[in-house]
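> Predicted model and sequence below, questions to follow.
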Amino acid sequence: MQKTTAVLLAIFYCVAGAPTYDERIVGGGIASAGQFPYVVSLTENNRHFCSGFIYSERWVVTTASCVAGKIPSALRAVVGQQDFTQPDANEEIISIYQIKIFTQYDAVNQANDIALIQLTKNITFSTPNGVYFINYNEVDPNNPEATVMGWGANQDGGFESTRLHYAAMDIQTGTSCGDYVTGSEFQVATMLCAQSSATSAVGGAPCQYDEGSPLVQIVQGKSTAVGIMSKNQGCSVDLPSVYTRLSVYYSWFLQTAGQQSVDETTVPTPEPGTEAPTTEAVITTEEVIITTEAVEITTELVTEEVIVTTEETVAPFI
């Protein structure tokens, strides 16, 4: 059993004393049409269970903990959706062709918590105010501000929201994240820590069903995905949450799903063979092996304590 369950967006206030988990929604915001054209709802039996973001016309990024053990044919990716209770003009419901989970995913500690979903057909991009992809990159070291969005519960143990919400977060620095200490629980090289913004009127916290939701920064005036929601310890604004650091997996993304396009509304990804800027870790690609049958990627993440060797695996396709 994982230490924490899937997480979705909920905006809460905290009463004096210890944080509680049965709090009403306050602050935050309800997303407007086209505000987050890249966010995806993943459904099983017509019910939302996790989020993701559009990598390209055929690929979606989410967490491994969202889709591990799932049967691809039983899942759907819903794009262009704002409100579960009514259809959207840009909404598409697309079947899943296959799931690719990062080989070094650790289900106990949710380390390397990342997966790629290949769709059975291309997403129809429509801008403005429609459906589109978002580029990913390393965290802006000069700006802690970020936004997370999803269809999360409004209290710990609650049901998913019917409308897409968002909340302002501050990315934290340091070698721990709340009660997640450095080591197996929180790995600086591959994880990010974020907490509700202390200065924004739309500060909030992720909760159940928000796992896989993108953590987005504005870098040079453009939206950039820097993380995806992985785990937390409760649906309180007083507790930080942990996100998978996307830039670490550049080589795996490239070899599994191909090079992302670069759009004027997004930030370019690093050129092959270059390192993404980071204040926490040095990331180097040692070797890439490509065969006609499968793609094997060996990537060494170099930090003071953490060395991770990775290669691709494919979940069963049914």
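That came through, no problem.
> Centre of the chain to the host helix or strand of residue 251, how far?
Here residue 251 sits within helix 250-257, counting by DSSP states H and E. Relative to its chain's centre, helix 250-257 lies at 16 Å (CA atoms, centre = their mean, to the nearest Å).
> Show me which residues of it are buried.
250-257 (16 or more other CB atoms under 10 Å). C-beta coordinates here come from the backbone N, C-alpha and C atoms, glycine included.
> Turn these into a markdown table, columns for distance to residue 44 and pLDDT.
Converted to a markdown table, the buried residues of helix 250-257 look like this (distance: CB to CB, whole Å; pLDDT from 0 to 100):
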| residue | distance to residue 44 | pLDDT |
| --- | --- | --- |
| 250 | 29 | 96 |
| 251 | 30 | 96 |
| 252 | 25 | 98 |
| 253 | 24 | 98 |
| 254 | 29 | 97 |
| 255 | 28 | 96 |
| 256 | 23 | 98 |
| 257 | 22 | 98 |
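> Let's have these in JSON lines, adding distance to residue 141.
Formatted as JSON lines, those follow (distance: CB to CB, whole Å):
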{"residue": "250", "distance to residue 141": "17"}
{"residue": "251", "distance to residue 141": "22"}
{"residue": "252", "distance to residue 141": "23"}
{"residue": "253", "distance to residue 141": "21"}
{"residue": "254", "distance to residue 141": "23"}
{"residue": "255", "distance to residue 141": "27"}
{"residue": "256", "distance to residue 141": "27"}
{"residue": "257", "distance to residue 141": "26"}
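> Confirm that residue 146 lies within a strand, as I assumed.
Yes: applying DSSP: H, G, I helix; E, B strand; the rest coil, one finds residue 146 inside a strand.
> so how many other residues sit close to residue 201?
9 (other CB atoms under 10 Å).
> check which helix or strand covers it.
Using DSSP H and E, no helix or strand contains residue 201.
> Check what pLDDT it gets.
The predicted structure scores residue 201 at 79 on the pLDDT scale.
> Could you measure from it over to residue 91?
Distance, residue 201 to residue 91, using CB to CB, to the nearest Å: 29 Å.
> ok, now residue 80?
Taking CB to CB, one finds residue 80 at 4 Å from residue 91.
> follow-up on the earlier one: would you mind writing the CA trace of the helix holding residue 251 as CSV?
Extracted C-alpha coordinates of helix 250-257, given in CSV (Å, rounded to 0.1, in the frame of the first residue of the first chain):
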residue,chain,number,x,y,z
TYR,A,250,14.1,14.4,-20.8
SER,A,251,15.9,11.5,-22.5
TRP,A,252,13.1,9.1,-21.6
PHE,A,253,10.4,11.4,-22.9
LEU,A,254,12.4,11.9,-26.1
GLN,A,255,13.0,8.3,-26.9
THR,A,256,9.5,7.1,-25.8
ALA,A,257,7.2,9.8,-27.1
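> hang on, the earlier thing: ok, residue 80 and residue 91, which is more surrounded?
Neighbour tally, residue 80 and residue 91, criterion other CB under 10 Å: the higher count belongs to residue 80, 26 against 15.
> Kindly tell me how buried residue 93 is, as a neighbour count.
With other CB under 10 Å as criterion, residue 93 counts 14.
> my guess is residue 211 meets residue 52, correct?
No: judged on CB atoms under 8 Å, residue 211 makes no contact with residue 52 at a distance of 9.5 Å.
> which neighbours do these two share?
By CB atoms under 8 Å, 6 or more residues apart in numbering, residue 211 and residue 52 have these common neighbours: 62, 66.
> Name the residue in these two with the higher neighbour count.
Set residue 211 next to residue 52 and count neighbours by other CB under 10 Å: residue 211 wins out with 33 against 28.
> Now do the same for the more buried one: helix, strand or coil?
Under three-state DSSP, residue 211 comes out as coil.
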